[in-house]
Every structure is written in structure tokens, then in C-alpha cells.
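> I'll drop the sequence and a predicted model, then ask my questions.
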Amino acid sequence: MREITIGQYIPGNSVIHRLDPRTKILITFAFMVLLFVIDDFTGYAFPAVFIIVASLLSGISLKYMIRGLRPLVVIILLTFVLNLFMIKGRVIYEVGPLDITYEGLHQGVFMVLRLVMLIVGTSLLTLTTSPITLTDGIESLLKPFSRVGVPAHELAMMMTIALRFIPTLMEETDKIMKAQMARGADFSSGNIVKRAKSLVPLLVPLFISAFRRADDLAMAMESRCYRGGENRTRMKQLRMTYADLVAFIATGLLAAGSLASRFIW
Amino acid sequence: MAAEILAESVYYQYSQAKDLALKDINLRIQKGEFVAIIGPNGSGKSTLAKLFNGLFIPAKGSVRVDGLDTRDRENIWKIRQKAGMVFQNPDNQIVATVVEEDVAFGPENLGVPPEEIKKRVYEALKIVELTDFDQKAPHLLSGGQKQRVAIAGVIAMKPDYIILDEPTAMLDPVGRREVINTVKRLNREEGKTIVLITHFMEEAVQADRVIVMNRGRVVMEGTPREIFSRVEELKEIGLDVPQVTELAHRLKGRGLEVRGDILTIDEMVECLCPLL
């Protein structure tokens, strides 16, 4: 679990860190769309440069971000291999009954690039934005949709509470596990079925306690006058600055450049 | 408008329970007081606390906070702003992932303007002496610190009354001392009215007035000195008395000339020295 860098926040005070979360979310979305729209290698030079520049500005090394790919290596390899063998075309090498084609190789490399850039690019968002700021950004972006029934505030509140209680529940899991192990429970041996079964005495008390906590928390929130998102103010106001404008313009230029490149070459 | 919490012939029953949780409670808590409520498990003291800020509504009788009746749903938010509440489990009452955000939660709900919230948050953190912890994640704090964050969250709503429902029950001795010192300071320096529910007799001794509950009724009421000199009665309902009071009581039983209402070690020393 510790090795996963995706979704982790690295505190800092760089330009990228200080951007409005809404800017970063929107740019990340645009970036993702762009990656799917571009269909040639030359076009990919633009998002690649974009990632490199953003990582330099954020002070988080590319090496660190690429290390974050490690848990996804299997998926990436699978994508490559499937593309390599499944696409018909000019055969360049034969492995038993399977053919490697030029088109397959091309497509395989292309898809891997797309995946890698997708993961690294989106992880930049979470690496440079604290979960709470991210939540504020999502709430603010969804707010216009609350009129058509999107529960923007409620979703954000749920995310905040989830984030708040992850460490608490992890601690509790650890405590219950140790308590059950002290009484002879075995969590680490046997086949998958046996291991899954051994989790029951862990999950039951964990669920009961989670519900009890939910009840307590609801009462504490009500005591502090919580009554949903209406008429609520926020201590920290989100504010767009000059830097946000620059970021939007840079993203726009990137998109234009990568789309135009196919006509130039 | 009356500046007090007033409970008049209050009865309360939990929906699935056979017996009444509270029977004929009549209490008046005046502004500026420090009241401790003690009683054995299941005596109704926590239930009573939840009636004070409208979390529970009396089945019969009325509870009024500064003249506002908790039965009237329109008053409920005003009442909860006036009578803040701190709960037993420090983990289960902190909402946000950063200390300052959590302290801001109450005022945000009240619709206080952002600049004013910031001011209130820092004032509150100063009062509980956690100014340097504003950017910390709550789960990295000690129990006593978490409980002080919870207290700051209540202070930031500018309440007149602070009701604490066994705030030290899950803390170690150090945390307990931190919280009780904070509570005392809130009463003496900030002029907040304190209702402290506890089962630690040493904490109850600090109050101006002690209310003893048993089986849903108020059975004794008076200054700590009056209450704790009734050692036998307290023991009968399953409560302890502070250790020194117990000692004094026993010495008296052995025929020594010791006062029966000793509450602190200093008093004990004063009382014993002339006897040597």
C-alpha cells in the first residue's frame, strides 16, 4: 500500500501547488481529452513537454512520478502485448502461431505512451493539491449543477469525512487485527478462500464500530449547527489569480499545437 | 430574557426502552456557573446533556435556554449556537482533515463571513493553547489535544454555555489534566458557563456546584463540599468520593479529629499537621 504514489499529496509551495484547484481539475480534464484525441506520435510531443514543464515547476521529480507507475506495470504490459499480437498488418516477426506486425508494434507503443502520460499527468493533480483543496474545487465546480439535482455539497462533505476517517479506521483495523491475532486468529496463511474467510472476524467489528462512529459524528455535526450546504459560508475562499489565467492559456496553446501538428507534418 | 438553562419537570424515554431515562428533572443552570453532573452508568446524565441543546426533546416538561424552548423547532439552531457541546470520543466529533478547518466548521454552518471566521478560529485556538497546531491533521494529535480541538470548535461558535459530556473518559491522565485546565480557564477567564458531566470525582471537586443523578433522577445538589461529605450516601448509589475525602472519612471513623468535608490534599495536610 505504501508504494502507491498516485493520489498522494506532496506538500509544497510551488506555482503549481498554489494554482486554484478548479484550474487544475479543468486542465487535467482537458489534458485527458487531448490524449484521446491525438492519434499520432508527433502530436504527443506537446503533452510530453507539458508534463515535463509542469513537473519542473512543481518541484516534484519526474522520476518520482514514474515510480508511481509501478503498481500499474501489469496493465501497461498487457496493453502492449495485446496490441502487439492482435493487430493485423505487415508481419515483421513470427512467434509460433502469433504474428508481430508493424502496425501492432506501432499501436502498442502508442497505447503505452497514452497510458503512461494519462497516469503521470493526472497524478500531477493529486500530487500538488491537498485532498481538502481538491474537495473544495470539486464542490465549487459542481455547484452550478446542483440546480439540476447534483448534490454538490453533500458529495464534497462525504469525501471530506472519508478522508478524515481513513487514518482512524486504519488504526482501528490494526488494533482489531492484533486483538484477534492475540486470540489465535490467522490472517496470513491458507488459500484465497481460507484467507477471505479469516477476514470475517475483522470486518464485523470494524463495520459495527464504523456505524457507531457515524452515529456519534452525526450528533456532533448537528450540535455544531450543520444543516447541509444552504447558507453555509467557507473560511477559505477559492480565488483565481493571474497564474491561473496563464495556466489556462498555456493549456489552450498546447491543445492547439498538438492538433495543428498533424497538418504541419 | 432569562440568562440560564432551565429544566422544568422533564421526563424522557428512549423509543425502545421500557423505563423512563429521566424522571421529573428540575434544574437551573445560571450564566457564569461551573456545574458538574455525576452519577453511575445509566443514571441519565448523558441523556440530560443532550436535552440541553435540543438533540433530544423532552417527552414531558420543558427545557429552555435563555428563555428559548427546545421543543420549538424554530429555536433549535439558535439554541445549539448558545449551548455548545463536546462529546466523549475525541475521534468521532472532528469533521475536517486539518485542525483550523475543523474549528471553522461551526461558524461556517452559522453563515459567518470568511474574515470573521478566520479571526474566531485563531482566537479559539489561542484559548485552548493550540495555535501552533492549526495546520496539523487531527489524527496525529494526542487525545487531550484532539479534545481541545473539539472545545475550540465549540468556542468559535461563541456560545454562552459549554456542555461537556464525559470529555475525559477516554483520555490518559495527562490529557485529562489538559482538558480540565482548559475547561477551568474557560469558566474563570472567558466567563463561559460550564456543564461538566464526568465520572471522575476529582474533576467534580473543581466545580461550583455538583449535581448527583441516579436512576434518572436528581438525588443530590450542592457545593462539592456539601456533596462529598455525604460519603455513605454516595457509596450507596455506587459512586466514589475523591481519595482524600475517603481517607478523611476513614480517619474520622477511627476516632481522629478530622473534618469530614476535606476535598484537596492541601486541606488534608492542614488538618493533619496540628494532630501530630
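Perfect, thanks for sending it.
> quick one: average pLDDT of stretch A:258-265?
In this model, stretch A:258-265 carries a mean pLDDT of 76.
> Name the nearest residue to the residue in the stretch 51-200 of chain A that chain B sits nearest to, ignoring sequence neighbours.
With Cβ to the nearest Cβ, the shortest gap between the stretch 51-200 of chain A and chain B falls at residue A:167, namely 4.2 Å. Backbone N, C-alpha and C define where each C-beta goes, glycine included. Spatially, and ignoring its direct neighbours in sequence, residue A:167 is nearest to residue B:139 (4.2 Å; Cβ to Cβ, 6 or more residues apart in numbering or on different chains).
> Would you double-check that that neighbour falls in a helix?
Yes. The assignment for residue B:139, made by DSSP: H, G, I helix; E, B strand; the rest coil, places it in a helix.
> contacting residues around it?
Residue B:139 makes contacts with A:164, A:167-168, A:171, B:91, as judged by Cβ atoms under 8 Å, 6 or more residues apart in numbering or on different chains.
> Residue B:260: neighbour count?
Burial measure for residue B:260: 15 neighbouring residues, criterion other Cβ atoms under 10 Å in any protein chain shown.
> so how far is chain A from residue B:184?
Going from residue B:184 to chain A by Cβ to the nearest Cβ, to the nearest Å gives 22 Å.
> Quick check: phi and psi at the closest residue to that residue other than its chain neighbours.
With Cβ to Cβ, 6+ apart as the criterion, residue B:184 has its nearest non-adjacent residue at 6.1 Å, and that residue is residue B:206. Dihedral pair for residue B:206: phi -70, psi -20, per degrees, to the nearest 10.
> so residue B:206 touches residue B:168, yeah?
No. Counting by Cβ atoms under 8 Å, no contact exists between residue B:206 and residue B:168, whose distance comes to 11.8 Å.
> Name the surrounding residues that touch whichever strand or helix holds residue A:221.
Mapping residue A:221 onto the secondary structure by DSSP states H and E places it in helix A:200-223. Helix A:200-223 is touched from outside by A:161, A:165, A:168-169, A:172-173, A:176-177, A:180, A:185, A:187, B:50, B:53, B:55, B:80, B:84-85, B:87, B:89, B:91-93, B:95, B:105, B:150, with contacts defined as Cβ under 8 Å, 6+ apart.
> Buried subset of those residues, written for ChimeraX?
To isolate in ChimeraX the members of these that are buried, counting by 16 or more other Cβ atoms under 10 Å in any protein chain shown, one can use:
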select /A:161,165,168,172,176,177,180 /B:50,53,55,80,84,85,87,89,91,92,93,95,105,150
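> For stretch A:17-37, list every residue counted as buried.
Taking 16+ other Cβ under 10 Å as the criterion, stretch A:17-37 shows A:17, A:19-28, A:31, A:34-35 as buried.
> touching chain B at all, it?
No. Legend: contact between stretch A:17-37 and chain B by Cβ under 8 Å from any Cβ of the partner chain is lacking; minimum distance shown is 14.1 Å.
> quick one: that stretch to chain centroid distance?
Using Cα atoms, centre = their mean, to the nearest Å, the distance from the centre of stretch A:17-37 to the centre of the chain it belongs to is 12 Å.
> do the same with stretch B:165-181
Using Cα atoms, centre = their mean, we find the averaged C-alpha position of stretch B:165-181 to lie 11 Å away from the chain's own average C-alpha position.
> and what of stretch A:95-113?
Its chain's average C-alpha position is 28 Å from that of stretch A:95-113, according to Cα atoms, centre = their mean.
> CA atoms only for it, dumped as CSV, please.
What follows is stretch A:95-113 as a C-alpha-only set of coordinates in CSV (Å, rounded to 0.1, in the frame of the first residue of the first chain):
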residue,chain,number,x,y,z
VAL,A,95,6.4,-16.3,-32.6
GLY,A,96,4.8,-19.7,-33.0
PRO,A,97,1.2,-19.2,-34.1
LEU,A,98,1.4,-15.5,-33.3
ASP,A,99,2.4,-12.7,-35.6
ILE,A,100,4.0,-9.4,-34.6
THR,A,101,3.0,-6.8,-37.1
TYR,A,102,4.4,-3.4,-37.9
GLU,A,103,1.0,-1.9,-37.2
GLY,A,104,0.8,-3.8,-33.9
LEU,A,105,4.1,-2.6,-32.7
HIS,A,106,3.2,1.0,-33.6
GLN,A,107,-0.1,0.8,-31.9
GLY,A,108,1.3,-1.0,-28.9
VAL,A,109,4.0,1.7,-28.3
PHE,A,110,1.4,4.4,-28.9
MET,A,111,-1.1,3.0,-26.4
VAL,A,112,1.6,2.5,-23.8
LEU,A,113,2.6,6.2,-24.2
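> which SSE is residue A:39 in?
Assigned by DSSP H and E, residue A:39 falls outside every helix and strand.
> sorry, back to before: take the contacts of helix A:200-223 and keep only those in helices.
With helices taken from DSSP state H, the overlap with those comprises A:161, A:165, A:168-169, A:172-173, A:176-177, A:180, B:50, B:80, B:105, B:150.
> Show me what from the stretch 1-150 of chain A comes close to chain B.
By the rule Cβ under 8 Å from any Cβ, the part of the stretch 1-150 of chain A lying against chain B is A:131-132.
> Show the residue spans covered by the helices in the stretch 1-150 of chain A.
A:15-18, A:21-37, A:41-58, A:62-67, A:73-86, A:102-128, A:131-142 (DSSP state H, counting those that start in this stretch).
> Mean pLDDT lowest where, among the ones you listed?
helix A:62-67 (a mean of 84).
> tell me the domain boundaries of chain B?
Chain B is divided into the following domains under the TED database: B:1-86+B:162-168+B:183-223, B:90-158.
> Ok, which of the helices of the stretch 1-150 of chain A comes nearest residue A:94?
For residue A:94, the closest of the helices of the stretch 1-150 of chain A is helix A:73-86, at 10.9 Å, according to Cβ to Cβ.
> rewinding a little: just the CA trace of the helix holding residue A:221, in PDB.
Listed next in PDB are the C-alpha coordinates belonging to helix A:200-223 (Å, rounded to 0.1, in the frame of the first residue of the first chain):
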ATOM      1  CA  VAL A 200     -14.900 -12.000   8.700                       C
ATOM      2  CA  PRO A 201     -13.900 -11.600  12.400                       C
ATOM      3  CA  LEU A 202     -12.000  -8.500  11.300                       C
ATOM      4  CA  LEU A 203     -14.700  -6.900   9.200                       C
ATOM      5  CA  VAL A 204     -17.700  -7.500  11.500                       C
ATOM      6  CA  PRO A 205     -16.300  -5.400  14.400                       C
ATOM      7  CA  LEU A 206     -14.900  -2.900  12.000                       C
ATOM      8  CA  PHE A 207     -18.300  -2.300  10.500                       C
ATOM      9  CA  ILE A 208     -20.100  -2.100  13.800                       C
ATOM     10  CA  SER A 209     -17.600   0.400  15.000                       C
ATOM     11  CA  ALA A 210     -17.900   2.500  11.800                       C
ATOM     12  CA  PHE A 211     -21.600   2.700  12.200                       C
ATOM     13  CA  ARG A 212     -21.200   3.800  15.800                       C
ATOM     14  CA  ARG A 213     -18.800   6.400  14.700                       C
ATOM     15  CA  ALA A 214     -21.200   7.600  12.100                       C
ATOM     16  CA  ASP A 215     -23.900   8.000  14.700                       C
ATOM     17  CA  ASP A 216     -21.600   9.900  17.000                       C
ATOM     18  CA  LEU A 217     -20.300  12.200  14.200                       C
ATOM     19  CA  ALA A 218     -23.800  13.000  13.000                       C
ATOM     20  CA  MET A 219     -24.800  14.100  16.500                       C
ATOM     21  CA  ALA A 220     -21.600  16.200  16.900                       C
ATOM     22  CA  MET A 221     -22.200  17.800  13.500                       C
ATOM     23  CA  GLU A 222     -25.800  18.600  14.400                       C
ATOM     24  CA  SER A 223     -24.600  20.100  17.700                       C
END
